[in-house]
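A.B. asks: Predicted coordinates and the sequence they were generated for:
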Amino acid sequence: PSTPETAVQLRCPCGPVTAFVPWDGCRSGNPVRFHSVPAFAAATDLAIDVPGHGKVVVDIGYGGTFYAFLSAEQLGLDVCSSKTRDLVNAASAVTEAVKKQFKLHHPESEDLAFLYGTILTDGKDAFSEEPTTNICVFADEQVDRSPTGSGVTARIALQYHKGLIQLNQTRTFRSSTTGSLFTGKAVKEAKFGDYNAVVVEVSGEAFYTGTATFTVEEEDPLKHGFFFK
Ligand SMILES: O=C(O)[C@H]1NCC[C@@H]1O
């Protein structure tokens, strides 16, 4: 490791992600930050018919994976005070509807061209020093405990695309589930396929929760891993 900060390269499903961890020679510190693959607005102001909820307007952003974004208010909910079950049900209905009504395209890999979830927001996309709150409902109705790294990345890309935030302007994002905070900022413009994209820096606190040791036994026939296609 190098001081005062060590770069850690992560191989993620979306591509390379670089995390930067403060390191004083003895201990790692906070905040940690990461740069993911270029993020972009895939669609804005898209009208979607959500069974049981009627017409809503969503944005679709990519921040290493695709999310639909809309204010919880459009679904008659409040991202801070509504029951989590209600937020999850409504977000999942949006995810299902968007999957049926909008075809996603990823510049490099059709395997990544799927909607991972829906992020309900407090609607506060215009720049402010105040945090904006969101809840991310992803995969099989899982709820993120954090403001969501890939979600904040995608949300900043959408805000940048809409002219609501400038390069290197920092916005704070709050998880409605735990209250935990991330900051995000677009640090540079980039191209991703045909998309005008941005590299986004997400920053937050990280803590060790465990260590793992991997062991390779000589007689293990799959010790080098395997590739299944
Ligand atoms: O923060 C993230 O990007 C991850 N957490 C939930 C959804 C993603 O997998």
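C.D. replies: That came in fine, so what should we check first?
A.B. asks: And the longest helix anywhere in the chain, what does it pack against?
C.D. replies: What stands out as the longest helix in the chain, according to DSSP state H, is helix 84-101. Contact here means 3 or more CB pairs under 8 Å, 6 or more residues apart in numbering; DSSP states H and E; on that basis helix 84-101 packs against strand 40-50, strand 54-62, strand 66-71, strand 115-121, strand 132-138. Bear in mind the C-beta positions are built from the backbone N, C-alpha and C, glycine included.
A.B. asks: Looking at these, spot the one closest to the ligand.
C.D. replies: The ligand sits nearest to strand 132-138 of all the helices and strands packed on helix 84-101, at 4.6 Å, using CB to the nearest ligand atom.
A.B. asks: ok, and for the closest one, which residues are buried?
C.D. replies: Buried positions in strand 132-138, judged by neighbour count with 16 or more other CB atoms under 10 Å: 132-138.
A.B. asks: Using CSV, lay out the helices and strands packed on helix 84-101 together with distance to the ligand and mean pLDDT.
C.D. replies: Output for the helices and strands packed on helix 84-101, formatted as CSV (distance: least, CB to the nearest ligand atom, whole Å; pLDDT from 0 to 100):
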stretch, distance to the ligand, mean pLDDT
strand 40-50, 16, 98
strand 54-62, 12, 98
strand 66-71, 9, 98
strand 115-121, 7, 98
strand 132-138, 5, 98
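A.B. asks: Can you convert those into JSON lines and add a column each for distance to Ser81?
C.D. replies: As requested, these are exported to JSON lines (distance: least, CB to CB, whole Å):
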{"stretch": "strand 40-50", "distance to Ser81": "21"}
{"stretch": "strand 54-62", "distance to Ser81": "20"}
{"stretch": "strand 66-71", "distance to Ser81": "14"}
{"stretch": "strand 115-121", "distance to Ser81": "12"}
{"stretch": "strand 132-138", "distance to Ser81": "11"}
